[in-house]
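1. The following comprises the amino acid sequence and a computationally predicted model.
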Amino acid sequence: MSNNVINNSEAKAQMKLRAAEHVIELVESGMTVGLGSGSTAAMWVHLLGERVRDKGLRIKAVASSVASERIGQSYGIPFIELRKCDQIDLTIDGANEIAPGLALIKGGGGELLREKIVASASKRYVVVADSFKVVPKLGAFPLPVEVFPMAASIVSCALKELGFIPELRLNADGSTYVTIHANYLFDCRGLTIEDPYQMKAELDSIVGLVEHGIFLDMVNYAVIGGETGAIERRV
Ligand code: 5RP
């Protein structure tokens, strides 16, 4: 790995950590808290865990990914099952892309259905990210789309008609990646999403498509870690 790549990833990690540190203060005792997905959310979950373990912060948590749940459990954070949870006070989550109006692409980690359920049940939904995630338009990051396996071919054709190049996600050994909900996942490339609302409506209308990674009108605000400190961007 070249020094530039190492420096770049170190700089990104610092930006993510600054964003995570900025939002830890939002958590108060008594809250039901949603733990988001990805490496930035993971940094925040570690900070949260330390407060629970060492400082007596009393919360209940719901996780949007297996990884976040494991980190939380390692600190003794008490969890409630998502299926028994009707409302979440605050969720802190990462994103793959953040466009104007706080339109997001999420789901790179493969758990977008669970992530969207947690986001939609949250009274406050705050995104944390490094400044490289901020884009003028969604679509450079391949859009994750979860599909029922029996509809994979039909949904793939529909995605192509919209202009995407859908690629079935595979595991490292070449086998088909299967989500925790026993579905397949397409990573959809090749299209700049000019109108996220129209694209969301098109995707929502495809029968057999379980969920997609466009998140609209969900974020209260995003905290973007820049090189000099955290910058808060409100809707
Ligand atoms: C996972 C997600 C993550 O939030 C997204 O991938 C951001 O991850 P990171 O903070 O590691 O860049 O949507 O499905």
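-> On my side now, so go ahead. Keep in mind it's a predicted model, so treat the numbers as computed, not measured. Residues are numbered from 1 along each chain as shown.
2. make it CA atoms for all contacts and neighbour counts henceforth
-> OK.
3. Residues of the chain that sit close to the ligand?
-> 37-41, 93-96, 106-112 (C-alpha under 6 Å from any ligand atom).
4. Flag every buried residue along the strand ranked longest in the chain.
-> Ranked by residue count and defined by DSSP state E, the top strand of the chain is strand 122-130. Neighbour counts over strand 122-130 (16 or more other C-alpha atoms under 10 Å) mark 122, 124-130 as buried.
5. could I get those residues as TSV with pLDDT?
-> Formatted as TSV, those follow (pLDDT from 0 to 100):
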residue	pLDDT
Ser122	97
Arg124	97
Tyr125	98
Val126	97
Val127	96
Val128	95
Ala129	93
Asp130	91
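6. Which parts of the protein belong to which domain?
-> Using automatic domain parsing, the domain parsing of the chain gives 3-135+216-233, 143-211.
7. any idea which of these is most buried?
-> For those, average neighbour numbers computed from mean count of other C-alpha atoms under 10 Å are highest in domain 3-135+216-233, which has a mean of 19.
8. from the chain's centre, how far out does that domain sit?
-> Averaging C-alpha positions (C-alpha atoms, centre = their mean, to the nearest Å) puts domain 3-135+216-233 8 Å from its chain's average.
9. likewise stretch 166-182?
-> Distance, centroid of stretch 166-182 to centroid of chain: 18 Å (C-alpha atoms, centre = their mean).
10. now what about it, what contacts it?
-> 110-111, 156, 159-160, 184-189 (C-alpha atoms under 8 Å, 6 or more residues apart in numbering).
11. from those, which ones fall inside helices?
-> In helices, defined here by DSSP state H, the members of these are 156, 159-160.
12. so can I have TSV of those showing distance to Asp217?
-> Shown next, in TSV, are those (distance: C-alpha to C-alpha, whole Å):
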residue	distance to Asp217
Ser156	26
Leu159	23
Lys160	26
